[in-house]
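**Student:** Fold the following.
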Amino acid sequence: MSKKVTPYKDSQLNKKKQVEQMFDTISTNYDGLNRVISFGIDVKWRKKVVKMVSDTNPESVLDIATGTGDLAISLAQTGAKRIVGLDLSEGMLNVGRKKINEKNLTGKIEMIQGDSEALPFSDNSFDAITVAFGVRNFEDLEKGLEEIYRVLKPGGILVVLETSVPTKFPFKQGYNFYSRNLLPLIGKLFSKDKVAYSYLSESAAAFPYGENFNNILRKTGFSKVEDKPQTMGVATIYSALK
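**Tutor:** Residues are numbered from 1 along each chain as shown. Okay, the predicted model is just below:
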């Protein structure tokens with residue numbers, strides 16, 4: 001299991017509420033900061049996720065932790081008739097709705113506020129489910145994955161894009177220096193929230209990436225679980241079938 005990392009030390013709020021407030025605060029800067037922090041490589045990773053989903057010819061897709069909707073918008077390329085983006089943060093969703101409107105995709109993509117650990121959908125609702133840089137924010141990882149399994153149709157695919165930690169020299173050392181020192185500094189320079197990007201770094205390091213996450217997926221009931229490290233292992237794309 002992953003270590004529990006919370007963005008703020010407010011004992012009156014659980015991790016879920018703290019994450020929601022954090023993303024509300026950074027929502028207007030989130031897209032720009034993502035490009036800077038990842039050197040734009042996150043766009044390439046998302047294209048690979050879209051290709052994996054597209055190959056299954058889905059009619060319905062759910063993008064959990066959709067944020068400002070980058071992946072949900074890209075999933076329109078799959079030809080799916082219904083795309084739903086779900087997120088805890090209304091601030092992030094509002095940014096996403098503006099982008100969707102500008103791209104004339106309001107009839108195809110629906111953005112709703114919701115909890116990944118209590119999905120507001122019936123069993124077997126979606127042909128494909130994606131999560132990009134979101135599972136590490138689940139308050140209860142296994143519960144969130146169980147909910148994903150519940151609303152995914154039999155034979156449906158789950159594709160998860162998440163940060164991971166390189167294991168080989170010198171990439172591991174370079175990643176550790178960047179995530180612990182430069183990432184929080186960039187966040188402080190460009191974001192109103194002085195804690196958010198330290199949290200994102202800490203939560204990435206605490207996440208049970210690689211085979212550890214594969215085993216949690218299998219325990220949940222998923223089959224044909226695979227992981228594909230990206231860019232020297234700084235991110236990983238996981239896929240699994242119900």
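
**Student:** any idea where the strands of this structure begin and end?
**Tutor:** Per DSSP state E, the chain carries strands over the ranges 60-64, 82-87, 109-113, 126-132, 152-163, 223-230, 235-241.

**Student:** Dump these into JSON lines; add mean pLDDT, mean neighbour count and distance to Tyr209 as well.
**Tutor:** (C-beta placed from N, C-alpha, C; glycine too.) Formatted as JSON lines, the strands of the chain follow (pLDDT from 0 to 100; neighbours: other Cβ atoms under 10 Å; distance: least, Cβ to Cβ, whole Å):
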{"stretch": "strand 60-64", "mean pLDDT": "98", "mean neighbour count": "26", "distance to Tyr209": "18"}
{"stretch": "strand 82-87", "mean pLDDT": "98", "mean neighbour count": "24", "distance to Tyr209": "22"}
{"stretch": "strand 109-113", "mean pLDDT": "98", "mean neighbour count": "18", "distance to Tyr209": "28"}
{"stretch": "strand 126-132", "mean pLDDT": "98", "mean neighbour count": "26", "distance to Tyr209": "14"}
{"stretch": "strand 152-163", "mean pLDDT": "96", "mean neighbour count": "20", "distance to Tyr209": "7"}
{"stretch": "strand 223-230", "mean pLDDT": "97", "mean neighbour count": "14", "distance to Tyr209": "8"}
{"stretch": "strand 235-241", "mean pLDDT": "97", "mean neighbour count": "21", "distance to Tyr209": "6"}
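
**Student:** For stretch 113-133, measure first residue to last.
**Tutor:** Stretch 113-133 has its terminal residues 17 Å apart, counting by Cα to Cα, to the nearest Å.

**Student:** chain center to it, what's the gap?
**Tutor:** 12 Å (Cα atoms, centre = their mean, to the nearest Å).

**Student:** what's the answer for stretch 153-169, then?
**Tutor:** Here stretch 153-169 is found 10 Å from its chain centre; the criterion is Cα atoms, centre = their mean.

**Student:** Contacts only, for Ala132.
**Tutor:** By Cβ atoms under 8 Å, 6 or more residues apart in numbering, the residues touching Ala132 are 45-46, 49, 63, 65, 67, 70-71, 160-162.

**Student:** Recalculate using a threshold of 6 Å.
**Tutor:** Neighbouring residues of Ala132 by Cβ atoms under 6 Å, 6 or more residues apart in numbering: 71, 161.

**Student:** and if you look at Glu147?
**Tutor:** 117, 119.

**Student:** Then Ser116?
**Tutor:** So Ser116 contacts 64, 138, 144 (Cβ under 6 Å, 6+ apart).
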